[in-house]
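Engineer: Would you be able to build a 3D model of this:
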Amino acid sequence: MDKKTLSAYSELAKNYSEDWLSQPQPSDMYQLLKTFFVPGGKTADIGCGNGRDANWMAENGFKVCGFDSSTELLAIASSLYPNIKFTQAYLPELKELSEPYQNILCETVIMHLPKTQVAAAIESLKRILLKDGVLYLSWRVTEGEDTRHSDGRLYSAFEPDIILNQFDRDGILHFEDKVSASSGKRVCRLIYRGK
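Structural biologist: So this is what the prediction gives:
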């Protein structure tokens, strides 16, 4: 994870958590998870933040664990949702994870990595995905040059093909590039079945 991005999420964890909880539910994403995820499957939420999406998955029957690099966000997640296990893990390597999962959610996280680390992060996600498991990967699209938010968060600029080329095309179940109903930002969403 980019160090300045991690610092921003750690130093402003409470603010981000309050902001995420005040936003409309990402119903478009949740509908995709209901459609494609293995029902009741063992599920990893990579970059879980304050645990909002992990909680939705738990409430919908998934056996979910949340992973994030920010100890501050993990503390908030554990406080908000004490029935879910939250653990520290770092992209791109995810060295802390060795068990495979039937479902993996990685929602708008990968664009915070330097472009040079994106391929390694995808390999790590595929490594922990069971055969016939399902990966949901999304990222906010930044056009042109990399940018930094005023708080220091990195938004790497790369074309969708940088991601798409890391996957067997016949394993891609769904791909969309559109403006998110919940955030109003251009987001790509990819759903992939493990081989």
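
Engineer: Which secondary structure elements does the helix or strand harbouring residue 79 sit against?
Structural biologist: According to DSSP states H and E, residue 79 maps onto helix 71-80. When contacts are defined as 3 or more CB pairs under 8 Å, 6 or more residues apart in numbering; DSSP states H and E, helix 71-80 packs onto helix 3-11, helix 13-22, helix 52-59, strand 63-68, strand 85-88. (C-beta placed from N, C-alpha, C; glycine too.)

Engineer: Deepest in the core, which of those is it.
Structural biologist: Comparing the helices and strands packed on helix 71-80 by mean neighbour count (mean count of other CB atoms under 10 Å), strand 63-68 ranks first with a mean of 24.

Engineer: what is the mean pLDDT for that one?
Structural biologist: Averaging pLDDT along strand 63-68 gives 98.

Engineer: Repeat that for stretch 179-195.
Structural biologist: 85.

Engineer: So residue 106 sits against residue 135, correct?
Structural biologist: Yes: with contact defined as CB atoms under 8 Å, residue 106 counts as touching residue 135 (7.2 Å).

Engineer: where does the chain dip in pLDDT?
Structural biologist: 181-183 (pLDDT under 70).

Engineer: Where do the strands of the protein begin and end?
Structural biologist: Using DSSP state E, the strands of the chain run over 42-46, 63-68, 85-88, 101-106, 129-140, 147-148, 154-155, 172-179, 186-193.

Engineer: Can I get the ones you listed in JSON lines including distance to residue 20?
Structural biologist: Formatted as JSON lines, the strands of the chain follow (distance: least, CB to CB, whole Å):
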{"stretch": "strand 42-46", "distance to residue 20": "13"}
{"stretch": "strand 63-68", "distance to residue 20": "12"}
{"stretch": "strand 85-88", "distance to residue 20": "15"}
{"stretch": "strand 101-106", "distance to residue 20": "14"}
{"stretch": "strand 129-140", "distance to residue 20": "14"}
{"stretch": "strand 147-148", "distance to residue 20": "20"}
{"stretch": "strand 154-155", "distance to residue 20": "17"}
{"stretch": "strand 172-179", "distance to residue 20": "18"}
{"stretch": "strand 186-193", "distance to residue 20": "15"}
